[in-house]
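**Student:** Turn this into a model:
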Amino acid sequence: MTDDTTGKDGETPATPLEPFPVHRPESPFPPLYESLPPPPEDPPSDWIETADAHDLPTRDNALTALGRFAFPPAPPLDDEGVAARDRRWTSRTILMTAAFLMVFNAVSPLNWARQQPPGWIPGTVEQLSEVWVAQLAVFGVDMPRQGLREMWMAARQARFIGQAPEPTTP
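**Tutor:** Okay, the predicted model is just below:
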């Protein structure tokens, strides 16, 4: 009786039988490059090896050339110019953010004024905020904030099955 590692004549086969496949360094398939025909020879060309595509002349239209002549590019900025440009950008960003908040978050100063102890400044802020909020409500800019607040309140009041409801606070 023979086992799996020996053949009929008692010699060991070239590839032992194993339960898992093994990597064979030799491939049963011929390499692809041997079965393909040789590539054709490149035809002679007039390509210049030292040529650069950026050296080719380009022609702008007359209006572009006139604009470049009439409005030449400015010299690069020095440190003061860079600092001034950065201050302008910062100022614009702060003003745009303040305007955005004044329109879409107009209720916050009103809520702040209502939480402060009575006085001239909180009273003035409250009156101005009430008028501002009423004017913006005409245009409906308070609707996104109200919608988000309603979604938040609905999420807070949501309960699992069998869970007691949230106690309501007046």
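**Student:** Run the chain-centre distance for whichever strand or helix holds D86.
**Tutor:** Applying DSSP states H and E as the criterion places D86 in helix 79-104. Relative to its chain's centre, helix 79-104 lies at 23 Å (CA atoms, centre = their mean, to the nearest Å).
**Student:** Tell me how far the closest residue to W132 other than its chain neighbours lies from L136.
**Tutor:** Leaving aside its sequence neighbours, W132 sits nearest to A106 (CB to CB, 6 or more residues apart in numbering; 5.5 Å). No exception for glycine: its C-beta is placed from N, CA and C like everyone else's. Per CB to CB, to the nearest Å, A106 is found 5 Å from L136.
**Student:** contacting residues for the closest residue to Q157 other than its chain neighbours?
**Tutor:** Distances taken as CB to CB, 6+ apart put E166 closest to Q157, at 5.5 Å, once the chain neighbours are dropped. Contact analysis of E166 by CB atoms under 8 Å, 6 or more residues apart in numbering lists R156, Q157, R159.
**Student:** hang on, R114 packs against E126?
**Tutor:** Yes. Applying CB atoms under 8 Å, one finds R114 in contact with E126, separated by 6.4 Å.
**Student:** Which one's more surrounded, those two?
**Tutor:** Taking other CB atoms under 10 Å, R114 and E126 do not tie; E126 has more neighbours (18 against 11).
**Student:** Surely that one touches Q115?
**Tutor:** No. Contact between E126 and Q115 fails when scored by CB under 8 Å: they sit 10.2 Å apart.
**Student:** can you pull out the strands in the chain?
**Tutor:** Applying DSSP state E to the chain gives no strands.
**Student:** okay, and for it, where does confidence drop off?
**Tutor:** Within the chain, the segments meeting pLDDT under 70 span 1-18, 21, 24, 28, 30-31, 33-34, 169-170.
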